[in-house]
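**Q** can't give you the sequence, but here's the structure:
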């Protein structure tokens with residue numbers, strides 16, 4: 001059974017930091033992985049993509065220079081370090097397996113984990 005379990009979310013003030021983790025099981029985990037986020041009433045938004053070996057990373061313009069994606073394939077964990085958080089970063093964050101070949105495409109929701117809430121507020 002494929003499982004993706006996110007953790008590390010919470011409430012933080014603007015300018016603060018959080019590190020999200022995603023523990024993966026049930027598949028090889030040497031494939032491309034993504035982070036996506038969603039706020040109520042809005043469609044899902046692609047955040048970041050990392051290659052299977054971690055050498056190549058891609059970010060949405062909205063998070064470039066603030067977020068860093070990484071992975072530990074031996075531990076089967078995907079990370080998202082989020083710095084200088086802004087209120088507009090408030091969302092549920094999901095890690096996801098790749099679907100298709102596009103770097104910035106949001107995979108179907110059945111490829112996501114259960115999500116972790118990030119709230120940025122003063």
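**A** Thanks, I have the structure now. On a predicted model such as this, the values are computed, not experimentally measured, just so you know.
**Q** any idea of the pLDDT on residue 40?
**A** Among the per-residue scores, residue 40 holds a pLDDT of 85.
**Q** for residue 102, that is, sorry about that
**A** pLDDT, residue 102: 93.
**Q** same question for the one 10 residues further on.
**A** Residue 112 is assigned 97 on the pLDDT scale.
**Q** with residue 21 instead?
**A** 98.
**Q** next one: it from residue 70, what distance?
**A** Distance, residue 21 to residue 70, by CB to CB, to the nearest Å: 10 Å. Bear in mind the C-beta positions are built from the backbone N, C-alpha and C, glycine included.
**Q** again with residue 7
**A** 15 Å.
**Q** again, but for residue 30
**A** 15 Å.
**Q** just checking, residue 111 touches residue 100?
**A** No - in this structure residue 111 lies outside contact range of residue 100 using CB atoms under 8 Å: 10.1 Å.
**Q** what ranges do the strands span in this protein?
**A** 3-7, 10-12, 18-25, 33-38, 45-50, 57-59, 67-72, 77-82, 91-97, 116-120 (DSSP state E).
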